[in-house]
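# sequence unknown, structure follows:
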């Protein structure tokens, strides 16, 4: 149950911009599958265009970090922000880019340890050591 | 300003367990510096012992993931959970383990894009595609 | 699946205070429909009374802000706090008070951009400009 | 204390792209003041360019929602995500676009009531009423 | 640095409702000290009145739970929501109501373990056991 | 739908360490029921062992705080972190350890009031009173 309906390829009044983005997603990924994220945000073609543009640029273009690592960072944020859909899609993407079960367990160990110490630190309100200052000495 | 005082090496009534953990931190890291996190949680020696044991095991022991990648995942969770101290300490740790400015910018691009789509997905309440089901077919 | 059962109008032992609040909700809204939020918190009549009193006062009484705008602000917080029920009920309320699809897309653009920059700012730990100080000069 | 240094206009090696964005910010806003957000993310010119492009498009371009309302929605998300800098900058922006003290108090009443019911709903795990389904009947 | 100025007892134009609430806070607590929370929300007398009324009713009135336990629950939520002021004020209140250092350490162990498993569960998206259903069989 | 399959007692290749932990859970709790949390994290025996060890130590061992209180603190954090599974399991555990409906309503009143004031405080960015400083005077 969602707040807007999904756009299907055979919708009578489908916007040409939606058709174009769906085609670019298919070509970029080499797959005919369009996952729900794109079908739902397509209720507003401009939102779809901008978001796909950014996801393609950040996640589907070679950059400074390994593609699997980027998916793990994406999943880590999604876990902390409690986004069920995003957790599923980016965990699946990390697996598709090579994440093994052992790496996934390691990932969960780091994520959950971070959450644990985040709460201890917030609870104690520990002051930042001046040694961590990146501005100092520059 | 914190909710407990920090433990200093020359505190008169310092607990022997705190001394032992501080020594292990110094040996493990090859540095005399003890950052505030350890000094503050040392108000309870059992909390210090357990937490150091886990951090040493998860973060300071070779595992399935690259040490720099683990620090980046740690920092990503800390950003989403708004933990100032943790963001500083683990960003500094990622740099110490090799993260360049360009990788850091790439990291921030992924973290912030994840937050952006997390909020779009939560807003639209998009249903998870059955294609992401890891249970299926096993 | 919830942690308490819902209260139905024909429950044998329904508390008179619950009956009174349900009646006031119906009269205030001019509708016979009582949504689940009220039926579930009715497990404790005092919690129901206080909460309805506040919601009626803040959301159903003319105030400084437009009713549709208040529903959008409510939905924005609910998205950031990952409250599925609240997202659905307040997005529906915003629509009922006039929000168009185009406004909804604009709303999502602002919400998701805010989340994006929240994470960049938290990541970089950017200091607040003194120019933003409201205390200054008063 | 931040994780990167701020870029100042008279930095010797300032990137031409940073100079261009700073100039566009000044022209768009009709003010010489560049707030810290832009100075810190300028450590990576590409991050600065993309972010300014999006903020300019979403926040500084006439759209479906009133500019003051957009700043209030932005601030609401920033409060829920605990982003101190963003709360200051967007509360100040809402004021600059006309928000009165009375409207601000009304805003806080809605934001805090939303947070309150978000936690009650999450605690009770209240199921979504089928009446809120936007897909139904389309 | 805050978004509104604090109200001081000797402000020339102090609202009579603010004076009345400050007096009730002093009488209820048996102390002359008015902490900042009340001084800042006093920028809007109606917000001050309603909030004090609720805090007095929930936190300063004997109820089903022990006063120290209520402060610990309050602090736990404040930690998870990253509210520095609230963490300080409610940790101090818990101490004032009897919380020892050993209980505080125990509290932090529970809070941080909860955060840890919250993130593991969100990561794995573990389905709720039907055995936890409180509706069943009623 | 989860990101890993659950481990069942009769799985052909079940790891001996998983069998051992499941047995210890049954003995510690005096019940044959193994809830999903353990069955899913068992995909990685080391993650299962460490997590059970910590949960047993913190939650199932007599300590400074009452067992019911610990479950309520656990549930409070889980609510703020939007962890559906954890809310269900720890609310059920609090009930099993004696929490009445009246105490549960009181708990929800505190949790939701905390969330409300957390958002007011974050919105106003109220400075911490020096009176709350635990370091002072030590």
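Perfect, I can see it now. Keep in mind it's a predicted model, so treat the numbers as computed, not measured.

# out of everything not next to it in sequence, what's closest to residue A:33?
The shortest distance from residue A:33 to any residue other than its chain neighbours is 6.6 Å, reached at residue B:131 (CB to CB, 6 or more residues apart in numbering or on different chains). C-beta coordinates here come from the backbone N, C-alpha and C atoms, glycine included.

# Can you say which helix or strand has residue A:50 in it?
helix A:45-59 (DSSP states H and E).

# how does chain A divide up, domain by domain?
Segmentation of chain A into domains, based on automatic domain parsing, reads A:1-61, A:64-127.

# State the mean pLDDT of the first one.
Mean pLDDT, computed over domain A:1-61, is 97.

# What is the end-to-end distance of it?
Distance across domain A:1-61, first residue to last, is 33 Å (CA to CA, to the nearest Å).

# ok, back up a step: hmm, residue A:35 and the residue nearest to residue A:33 touching each other?
Yes - between residue B:131 and residue A:35 there is a contact under CB atoms under 8 Å: 7.0 Å.

# who has more neighbours, the two?
Remark: of residue B:131 and residue A:35, residue A:35 carries more neighbours, 20 against 12, as counted by other CB atoms under 10 Å in any protein chain shown.

# so who does the more buried one touch?
Neighbour list for residue A:35: A:89, B:129, B:131-132 [criterion: CB atoms under 8 Å, 6 or more residues apart in numbering or on different chains].

# and with 7 Å instead?
Taking CB atoms under 7 Å, 6 or more residues apart in numbering or on different chains, we find residue A:35 in contact with A:89, B:129.

# so how far is residue B:129 from it?
5 Å (CB to CB, to the nearest Å).

# I'd like to know which elements whichever strand or helix holds residue A:73 is packed against.
Mapping residue A:73 onto the secondary structure by DSSP H and E places it in helix A:67-80. Counting contacts by 3 or more CB pairs under 7 Å, 6 or more residues apart in numbering or on different chains; DSSP states H and E, helix A:67-80 is packed against helix A:84-96, helix A:101-124, helix B:67-80, helix B:101-124, helix E:101-124.

# Is it possible to get these out as JSON lines so that each row also shows mean neighbour count, mean pLDDT and distance to residue A:78?
Shown next, in JSON lines, are the helices and strands packed on helix A:67-80 (neighbours: other CB atoms under 10 Å in any protein chain shown; pLDDT from 0 to 100; distance: least, CB to CB, whole Å):
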{"stretch": "helix A:84-96", "mean neighbour count": "22", "mean pLDDT": "97", "distance to residue A:78": "4"}
{"stretch": "helix A:101-124", "mean neighbour count": "24", "mean pLDDT": "98", "distance to residue A:78": "10"}
{"stretch": "helix B:67-80", "mean neighbour count": "27", "mean pLDDT": "98", "distance to residue A:78": "9"}
{"stretch": "helix B:101-124", "mean neighbour count": "24", "mean pLDDT": "98", "distance to residue A:78": "6"}
{"stretch": "helix E:101-124", "mean neighbour count": "24", "mean pLDDT": "98", "distance to residue A:78": "8"}
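
# Out of those, which gets nearest to residue C:76?
Proximity to residue C:76 (CB to CB) singles out helix B:101-124 among the helices and strands packed on helix A:67-80, at 8.5 Å.

# and that closest one, what other elements does it pack with?
When contacts are defined as 3+ CB pairs under 7 Å, 6+ apart, helix B:101-124 packs onto helix A:36-41, helix A:45-59, helix A:67-80, helix A:84-96, helix B:67-80, helix C:67-80, helix C:101-124, helix D:45-59.

# Using JSON lines, lay out the ones you listed together with distance to residue D:106.
As requested, these are arranged in JSON lines below (distance: least, CB to CB, whole Å):
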{"stretch": "helix A:36-41", "distance to residue D:106": "31"}
{"stretch": "helix A:45-59", "distance to residue D:106": "29"}
{"stretch": "helix A:67-80", "distance to residue D:106": "31"}
{"stretch": "helix A:84-96", "distance to residue D:106": "33"}
{"stretch": "helix B:67-80", "distance to residue D:106": "29"}
{"stretch": "helix C:67-80", "distance to residue D:106": "8"}
{"stretch": "helix C:101-124", "distance to residue D:106": "18"}
{"stretch": "helix D:45-59", "distance to residue D:106": "22"}
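
# and of those helices, who's closest to residue D:5?
Each of these was checked against residue D:5 via CB to CB, and the shortest separation belongs to helix C:101-124, namely 10.4 Å.

# any idea of the angle that closest one forms with helix B:67-80?
Relative orientation of helix C:101-124 versus helix B:67-80 (axes from the mean of the first three to the mean of the last three CA atoms, to 10 degrees): 120 degrees.

# how distant is helix C:101-124 from the center of its chain?
Its chain's average C-alpha position is 19 Å from that of helix C:101-124, according to CA atoms, centre = their mean, to the nearest Å.

# Pick out the residue in chain A sitting closest to chain F.
Of all residues in chain A, the one sitting closest to chain F is residue A:105 (3.5 Å; CB to the nearest CB).

# For chain A, list the residues in contact with chain E, please.
Neighbours of chain E within chain A, by CB under 7 Å from any CB of the partner chain: A:79-80, A:82, A:84, A:87-88, A:108, A:111-113, A:115-116, A:118-120, A:122-123, A:125.

# distance of the residue lying closest to residue A:120 once chain neighbours are set aside from residue A:98?
Once its chain neighbours are removed from consideration, residue A:120 has its nearest residue in residue E:112; the separation is 4.8 Å (CB to CB, 6+ apart). As defined by CB to CB, residue E:112 lies at a distance of 32 Å from residue A:98.

# Number of residues surrounding residue A:30?
What residue A:30 shows, counting by other CB under 10 Å, is a neighbour count of 6.

# distance of it from residue B:23?
When CB to CB is applied, the distance between residue A:30 and residue B:23 equals 55 Å.

# again with residue A:53
For residue A:53, the distance to residue B:23 equals 53 Å [CB to CB].

# now residue A:43
Using CB to CB, one gets 60 Å for the distance from residue A:43 to residue B:23.

# Pick out whichever of those two has more residues nearby.
Counted by other CB under 10 Å, residue A:43 and residue B:23 do not tie: residue A:43 has more neighbours, with 22 against 11.

# Just to check, residue A:37 is in contact with residue B:126?
Yes - distance between residue A:37 and residue B:126: 5.9 Å, which falls inside the contact criterion (CB atoms under 7 Å).

# neighbour-wise, which of the two wins?
Neighbours of residue A:37 and residue B:126, each counted by other CB under 10 Å, are more numerous for residue B:126; the result is 26 against 22.

# Close to chain C: what parts of chain A are there?
Residues of chain A lying close to chain C by CB under 7 Å from any CB are A:3, A:43-44, A:47, A:81-82.

# could I get these as TSV with distance to residue B:18?
Shown next, in TSV, are those (distance: CB to CB, whole Å):
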residue	distance to residue B:18
A:3	53
A:43	58
A:44	57
A:47	54
A:81	36
A:82	36
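
# Now flag whichever of the residues you listed is closest to residue B:73.
Proximity of these to residue B:73 (CB to CB) peaks at residue A:81, which lies at 14.4 Å.
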